[in-house]
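*Asks:* this one's sequence-less:
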């Protein structure tokens, strides 16, 4: 059975001498694994389209639950990532996160759109990479069932908490003065980073990065979003560690 689909290449692993084993987040099949025979040969018709962090038009052949890439063409190569090692590392972190949270063989158009929009913003320098990272992490949590409840302090009910804290385990919000032991681990915020967090949760997909934050507020948002994602992923990410070394 032949199938035409568009897909974001999340991962590529060399197999034998010239093949690639791919993890693809596709628009019609969801997250799938596929083999690209001969993709590493110079003459390959699928070489460019099966590189990691490439958005491609693919023709797949499916047989007994296994997929093979027969043809491919690049729609968007995100070339700005490949000229900058820090951007490439951060883009790889995005793909590792999508691979961790996307379900197998279930189309998730919102997750795919998040990945494409984030890679595009990073490739084209639409805003600070730390801002793109924080927005990606928080929106990914929102889309996968881990949306934090940051409407008001869970103890006193203030919608604008004094010295606010995000509950890393609970996903709630509290004033530092109200915080109790059962609230668990927290990440500190300020009024600006809290406003940005609320914006990211609710913003239209096309306007996800259309907020202004810098300095201390951006650092607080980035640290909080990172800790929150790592807690709910229940794992660390080597690509994130590498980005921190090379940025």
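*Replies:* Yes, it's here. Note that the structure is a prediction, hence the values are computed from the model and not measured.

*Asks:* dump the residue contacts of the residue positioned nearest the centre of the chain.
*Replies:* For the chain, residue 94 is the residue whose C-alpha lies nearest the centre (C-alpha atoms, centre = their mean; 3.7 Å). Counting by C-beta atoms under 8 Å, 6 or more residues apart in numbering, residue 94 touches 115, 118, 119, 122, 136. From N, CA and C alone the C-beta is placed, and that goes for glycine too.

*Asks:* so what's the second one closest to, chain neighbours aside?
*Replies:* Once its chain neighbours are removed from consideration, residue 118 has its nearest residue in residue 136; the separation is 4.5 Å (C-beta to C-beta, 6 or more residues apart in numbering).

*Asks:* identify the bridge partners of residue 59.
*Replies:* Residue 59 has these beta-bridge partners by DSSP bridges: residue 4, residue 71.

*Asks:* how many residues are close by residue 44?
*Replies:* Around residue 44 there are 18 other residues, counting by other C-beta atoms under 10 Å.

*Asks:* what's the spacing between the nearest residue to it once chain neighbours are set aside and residue 17?
*Replies:* Spatial nearest neighbour of residue 44, chain neighbours left out: residue 38 (5.1 Å); criterion: C-beta to C-beta, 6+ apart. Distance of residue 38 to residue 17, computed by C-beta to C-beta, to the nearest Å: 9 Å.

*Asks:* these two - which one has more neighbours?
*Replies:* Neighbours were counted for residue 38 and for residue 17 using other C-beta under 10 Å; residue 38 has more, 15 against 8.

*Asks:* which of the three states applies to that one?
*Replies:* coil (DSSP: H, G, I helix; E, B strand; the rest coil).

*Asks:* was I right to think it contacts residue 20?
*Replies:* No - if you go by C-beta atoms under 8 Å, residue 38 and residue 20 don't touch, sitting 9.0 Å apart.

*Asks:* and the helix ranked longest in the chain, which residues are buried?
*Replies:* Longest helix of the chain, by residue count under DSSP state H: helix 215-233. Buried residues in helix 215-233, defined by neighbour count with 16 or more other C-beta atoms under 10 Å: 217-218, 220-233.

*Asks:* could you name the helices and strands sitting against it?
*Replies:* Counting contacts by 3 or more C-beta pairs under 8 Å, 6 or more residues apart in numbering; DSSP states H and E, helix 215-233 is packed against helix 85-101, helix 129-143, strand 186-188, helix 191-202.

*Asks:* what helices or strands is the third one leaning on?
*Replies:* The reference is to strand 186-188. Applying 3+ C-beta pairs under 8 Å, 6+ apart, one finds that strand 186-188 makes contact with strand 164-167, helix 215-233.

*Asks:* what's it in contact with?
*Replies:* 163-168, 174, 176, 179, 220, 223-224, 227-228.

*Asks:* cool, and stretch 167-183?
*Replies:* 146-156, 158, 161-166, 184-188, 194, 224, 227-228, 231.

*Asks:* just the buried ones from these?
*Replies:* With neighbours counted by 16+ other C-beta under 10 Å, those contain buried members at 146, 148, 150, 152-155, 161, 164-166, 186-187, 194, 224, 227-228, 231.

*Asks:* among the contacts of residue 94, which lie within helices?
*Replies:* Using DSSP H, 115, 118, 119, 122, 136 are the members of the contacts of residue 94 that sit in helices.

*Asks:* for those residues, name the two members farthest from one another.
*Replies:* Spanning the widest gap among those are 115 and 122, at 10.8 Å by C-beta to C-beta.

*Asks:* how about residue 128, nearest residue that isn't a chain neighbour?
*Replies:* Nearest non-adjacent residue to residue 128, counting by C-beta to C-beta, 6+ apart: residue 218, 6.7 Å away.

*Asks:* would you mind measuring from the nearest residue to residue 185 once chain neighbours are set aside to residue 223?
*Replies:* Excluding the flanking residues, the one nearest residue 185 by C-beta to C-beta, 6+ apart is residue 168, at 4.2 Å. Residue 168 sits 10 Å away from residue 223 when distances are taken as C-beta to C-beta.
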